[in-house]
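In: using only what follows, build the 3D model:
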Amino acid sequence: MRKLGFTMIETVMYIGLLAILLPSVILVLLQVQKNQSHVFTKILIEDTSALALSQIQNELIDAQAISISTSTLDSDESIIVYKDDNSQLCEIGFKHEMVEFSGVSYNIGRIYYSGASESWLTPEQITVNKFNAEEVRNQDNVLTGLNVNIEIAPLSEITEMNQSLILNTSTTIYVYPTVQEQ
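Out: Modelled structure (predicted):
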């Protein structure tokens, strides 16, 4: 006659097997969670960079004039001053702002737009380390565009492990020949 259930030896063996396998499973799950957090941060940084560059390009393509004399170009905290299609004076530039996350205050860099309205082009969850705009001129010394370089990083302290989360991207925004230089 066969009895149903487990013997004491089988129960102890199962508990021992669980004790051996459970830490490995927990470590794998923690690594997956950490990788997911890195992927989310990397996507946020890449999307922010693409969106900011796109908005800057849209503003400058529609500009009537770019004021090179009042803009602060060729610096890591550039400010681009221009007149939009309604002849209103506008700015796209770099500012520092204090933000608080989880009880910790951070002094972050952000890219802003100021014109008919004021808005941030970058969110609070990341910091802009560098916003550099440089003139692009043709052989006749006529302004043909701006080379924009942005470096974006997560708010967390940068270590060797998450060094890959820093994004340094640049693009050249060409302006129409009708855009005047002031």
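
In: measure the residue most central in space within the chain to residue 39 for me?
Out: Of all residues in the chain, the one closest to the mean position by CA atoms, centre = their mean is residue 45, 3.2 Å from it. Applying CB to CB, to the nearest Å, the value for residue 45 to residue 39 is 11 Å. For glycine as for every other residue, the C-beta is placed from the backbone atoms N, C-alpha and C.

In: neighbours of residue 118, how many?
Out: A count of neighbours around residue 118, defined by other CB atoms under 10 Å, yields 9.

In: is it bridged to anything, and to what?
Out: residue 114 (DSSP bridges).

In: surely it is in contact with residue 112?
Out: Yes: between residue 118 and residue 112 there is a contact under CB atoms under 8 Å: 6.9 Å.

In: contacts only, for the residue nearest to the centre of the chain.
Out: By CB atoms under 8 Å, 6 or more residues apart in numbering, the contact set of residue 45 is 126, 152, 153, 154, 165, 167.

In: how is it assigned, secondary-structure-wise?
Out: Put simply, residue 45 is helix when judged by DSSP: H, G, I helix; E, B strand; the rest coil.

In: circling back to that earlier point, which one of the contacts of residue 45 is nearest to residue 68?
Out: residue 152 (25.5 Å; CB to CB).

In: tell me which residues touch that closest one, please.
Out: 45, 48, 49, 122, 126, 127, 128, 129, 166, 167, 169.

In: no further questions, thank you.
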